[in-house]
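S.K.: Quick check, what structure comes out for this input:
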Amino acid sequence: MSDDLLARATAVAARAYAPYSNYLVGAAVRARDGRIYEGVNVENAAYPLGICAERTAIASAVVDGCRPGDLVEIAITASPCGGCRQWLLEFRLDRVVFIHEGELLVRRPEDLLPDSFRL
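M.R.: Numbering: from 1, shown residues only. Prediction:
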């Protein structure tokens with residue numbers, strides 16, 4: 001199930017806007033009903049104003065009506081940052097597939113952010 005998501009994440013990464021780092025990241029998230037949302041990192045000269053690929057993909061899903069529990073898995077071309085790990089946990093995804101140091105990893109959000117704050 002994750003292979004197609006990783007392929008989509010890899011393809012969309014080419015559209016990232018990363019003129020400062022040249023670090024292109026793509027993400028693709030699947031809703032439980034089969035819809036897929038893509039995202040890329042978008043940098044800004046004021047670094048804190050940039051946004052990560054996984055947050056872009058999740059935000060796109062939210063715009064389309066998805067809520068926590070509606071998303072089943074996400075594939076990312078990089079290891080998620082701490083802030084994104086909180087988003088993945090909060091949206092209650094089942095699986096997070098990502099590439100870290102050349103290795104394909106599959107994790108649950110709660111394994112990526114143990115002892116986290118939850119509502």
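S.K.: low-confidence ranges in this structure?
M.R.: Residue ranges of the chain with pLDDT under 70: 1, 118-119.
S.K.: Just the strands from the chain, written as ranges.
M.R.: 26-31, 36-40, 71-76, 95-100, 103-107 (DSSP state E).
S.K.: looking at those, which is buried most?
M.R.: strand 26-31 (a mean of 26; mean count of other CB atoms under 10 Å). Using the backbone N, CA and C atoms, a C-beta is placed for each residue, glycine as well.
S.K.: Which secondary structure elements does that one sit against?
M.R.: Contacts defined by 3 or more CB pairs under 8 Å, 6 or more residues apart in numbering; DSSP states H and E place strand 26-31 against helix 2-13, strand 36-40, helix 53-63, strand 71-76.
S.K.: what would the strands of the chain look like in CSV with distance to residue 115?
M.R.: Output for those, formatted as CSV (distance: least, CB to CB, whole Å):
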stretch, distance to residue 115
strand 26-31, 24
strand 36-40, 27
strand 71-76, 22
strand 95-100, 17
strand 103-107, 15
